[in-house]
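Visitor: Fold the following, please.
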Amino acid sequence: MGLITSIAIYFVIWWTVLFVVLPFGMRSQIEDGEIVLGSAHGAPSRFSFGRIALITTVAAAGVFALFYVVTEVLGYGPDSFPHIVPGT
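Guide: Here you go, the predicted model:
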């Protein structure tokens, strides 16, 4: 696997993990009881993108490491699985 391919795969994994990590620990304005006028009641009351980005980066690195071990070290790939549709 080349460097550019690795970066592209990590980028896709990072964005996927971001959407998994975003809801963890979020409290809405209704739950905190501090509703800001002009905002949606379900909007987060406190949001720290730095913390979310750090957690996402660490988790994505773990997922990418697992992907690397499975594909490069163990040698599994799309051709390793049985074909469901005959003739493909």
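Visitor: quick one, what contacts the residue nearest to the spatial centre of the chain?
Guide: Nearest to the mean C-alpha position of the chain, by Cα atoms, centre = their mean, lies Val17 at 0.7 Å. Val17 is in contact with Thr56, Ala59, Ala60, Val63, counting by Cβ atoms under 8 Å, 6 or more residues apart in numbering. Every C-beta, even on glycine, is put in place using the N, C-alpha and C of the backbone.
Visitor: can you rerun that using 10 Å?
Guide: Ile55, Thr56, Thr57, Val58, Ala59, Ala60, Ala61, Gly62, Val63, Phe64 (Cβ atoms under 10 Å, 6 or more residues apart in numbering).
Visitor: Going by distance to Leu3, which of those residues wins?
Guide: Closest approach between these and Leu3, by Cβ to Cβ: Phe64, at 13.3 Å.
Visitor: coming back round to it: narrow the contacts of Val17 to those in helices?
Guide: Among the contacts of Val17, the members found in helices (DSSP state H) are Ile55, Thr56, Thr57, Val58, Ala59, Ala60, Ala61, Gly62, Val63, Phe64.
Visitor: With adjacent residues omitted, what lies nearest to the first one?
Guide: When the adjacent residues along the chain are set aside, Ile55 lies closest to Val21, with 5.3 Å between them (Cβ to Cβ, 6 or more residues apart in numbering).
Visitor: Touching, the one you found and Ala59? I think so.
Guide: Yes - with contacts counted by Cβ atoms under 10 Å, Val21 reaches Ala59, the gap being 6.4 Å.
Visitor: Beyond the helix or strand harbouring Ile4, next helix or strand please.
Guide: Element membership for Ile4, per DSSP states H and E: helix 3-21. The helix or strand immediately downstream of helix 3-21 is helix 29-32, counting by DSSP H and E.
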